[in-house]
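Asker: I need the structure of the sequence given here:
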Amino acid sequence: MPMQTEYKLLGLSPHPFVTYTLKPHYRSELVCTDSFGFRQNYGSDGVPLDLRTIRSRYQQCRLLLGGSVAFGIGASSDRKTMAALLTTPQRPFLNLGVSAAACQQELAYYLALRHLLPEVTDVVLFTGFNEAVHAGLREAEVHPEFGGTVLGEMRLPPPPPGPLTRLVRKGRGVVSSVVSGAPAAAEEWARTEVEDNLLPPELVELRLRATLDRTVQTMKIWRIFQDALDMRVHYVLQPSIGWTTKRLTELERSRWEEDQVQLGKAVRWLATEVVHQRLRDELETGAKEAGIRFYDANDWLADGYDNTTIFIDVAHFDDAGQQIVADELERRLDWR
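Answerer: Just a heads-up that it's a prediction; the model follows:
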């Protein structure tokens with residue numbers, strides 16, 4: 001039929017930002033991923049958990065969702081992440097964090113996996129920083145028709161080839177680039193691109209406004225699941241250097257100074273109290289309106305941790321930080 005030919009011409013337009021994960025079955029001493037591309041989860045006995053069969057082992061679980069901080073970048077192994085530290089013999093705390101994820105991805109992961117999971121008693125959205133990242137970073141791409149943004153590196157198909165063959169991060173944030181036949185020029189190009197990575201103020205405001213509205217609407221969707229499934233949803237605004245009043249140790253201060261050089265204008269804008277207060281005020285109001293619990297974890301680090309190194313950079317935690325924040329989560333959240 002003629003109409004079938006017409007429909008075949010439509011083709012498909014991939015929008016992977018709603019479903020991307022990390023590379024499945026990755027193995028190293030630092031980090032492992034499971035068959036879905038999430039960080040490998042373990043029972044309290046150290047046995048790896050398979051999300052495809054987890055219902056046969058547990059009747060209940062808790063979930064941790066968010067970006068790279070929830071995923072556990074900065075931890076020395078899978079077992080040192082916040083979720084792993086909060087896993088109990090009766091109830092695992094499953095880590096579903098994915099680097100660069102924002103509110104629409106967090107919800108998508110839950111929707112994709114909920115049919116496999118035992119009863120979920122609590123969902124912890126340890127998040128917020130990426131909402132600002134996506135609003136201010138030039139690299140972020142806006143997809144308003146799907147209600148979200150995504151970092152350019154997550155795009156499919158990939159950007160067309162050009163003189164810059166790759167831009168990679170080495171170590172803890174050191175940016176380098178490789179251009180065929182012109183490595184010195186590539187390094188200079190990379191430094192310029194990184195320094196100028198913040199969008200103009202008027203565009204930042206437009207994106208931030210849209211991002212905050214989208215996040216509040218996503219909170220309302222979480223409320224539907226909270227009520228229907230008798231679970232508790234906790235929105236935790238994650239800590240960041242510049243957002244918490246914790247006095248930085250000498251090591252944290254040197255790492256932050258390094259970040260400001262290597263990560264450009266965007267990170268200096270992100271780590272300001274102005275951005276923190278804007279997110280806190282609007283997200284706390286939105287959470288109250290949506291009927292889910294809100295916490296600002298920046299407050300938790302303001303008292304008693306001045307002499308403890310927690311941050312490895314602007315947002316991620318070392319092993320001590322993972323343990324401290326895990327303890328604070330366990331103590332402060334109104335668990336079901």
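Asker: in the lengthiest helix in the chain, which residues are buried?
Answerer: In the chain, with assignment by DSSP state H, the single longest helix is helix 201-229. When burial is assessed from 16 or more other Cβ atoms under 10 Å, helix 201-229 yields the following buried residues: 204, 207-208, 210-212, 214-216, 218-219, 221-223, 225-226. Glycine gets a C-beta too; all of them are placed from N, C-alpha and C.
Asker: what's the closest of these to E250?
Answerer: V204 (32.1 Å; Cβ to Cβ).
Asker: now do the helix or strand just after the longest helix of the chain against helix 201-229, angle only.
Answerer: Next along the chain after helix 201-229, taking DSSP states H and E as the criterion, comes strand 232-237. Angle, strand 232-237 to helix 201-229, by axes from the mean of the first three to the mean of the last three Cα atoms, to 10 degrees: 160 degrees.
Asker: which helices and strands does strand 232-237 pack with?
Answerer: Applying 3 or more Cβ pairs under 8 Å, 6 or more residues apart in numbering; DSSP states H and E, one finds that strand 232-237 contacts strand 119-127, helix 201-229, helix 273-290, strand 293-296, helix 297-300.
Asker: what does the fourth one contact?
Answerer: Applying Cβ atoms under 8 Å, 6 or more residues apart in numbering, the contact partners of strand 293-296 are 232-237, 280, 283-284, 287-288, 332-334.
Asker: what is the longest helix of the chain packed up against?
Answerer: In this structure, helix 201-229 packs against helix 103-113, strand 119-127, helix 129-136, strand 140-143, strand 148-151, strand 232-237, helix 273-290, with contacts taken as 3+ Cβ pairs under 8 Å, 6+ apart.
Asker: deepest-packed of the ones you listed, please.
Answerer: helix 129-136 (a mean of 25; mean count of other Cβ atoms under 10 Å).
Asker: avg pLDDT for that helix?
Answerer: If you average the pLDDT over helix 129-136, you get 88.
Asker: next: stretch 46-63.
Answerer: pLDDT averaged over stretch 46-63 gives 96.
Asker: put the alpha carbons of that stretch into PDB.
Answerer: This file holds the C-alpha atoms of stretch 46-63, laid out as PDB (Å, rounded to 0.1, in the frame of the first residue of the first chain):
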ATOM      1  CA  GLY A  46      29.700  -9.400  49.500                       C
ATOM      2  CA  VAL A  47      27.900 -11.500  46.800                       C
ATOM      3  CA  PRO A  48      27.200  -9.600  43.600                       C
ATOM      4  CA  LEU A  49      23.500  -8.900  43.000                       C
ATOM      5  CA  ASP A  50      21.800  -9.500  39.600                       C
ATOM      6  CA  LEU A  51      19.000  -7.100  39.100                       C
ATOM      7  CA  ARG A  52      17.300  -9.600  36.900                       C
ATOM      8  CA  THR A  53      16.900 -12.100  39.700                       C
ATOM      9  CA  ILE A  54      17.000  -9.900  42.800                       C
ATOM     10  CA  ARG A  55      13.300 -10.500  43.600                       C
ATOM     11  CA  SER A  56      14.100 -14.100  44.400                       C
ATOM     12  CA  ARG A  57      16.500 -13.100  47.100                       C
ATOM     13  CA  TYR A  58      14.900 -10.100  48.800                       C
ATOM     14  CA  GLN A  59      11.400  -9.000  49.600                       C
ATOM     15  CA  GLN A  60      12.300  -5.300  49.900                       C
ATOM     16  CA  CYS A  61      14.900  -2.800  48.800                       C
ATOM     17  CA  ARG A  62      15.900   0.800  48.800                       C
ATOM     18  CA  LEU A  63      17.000   2.800  45.700                       C
END
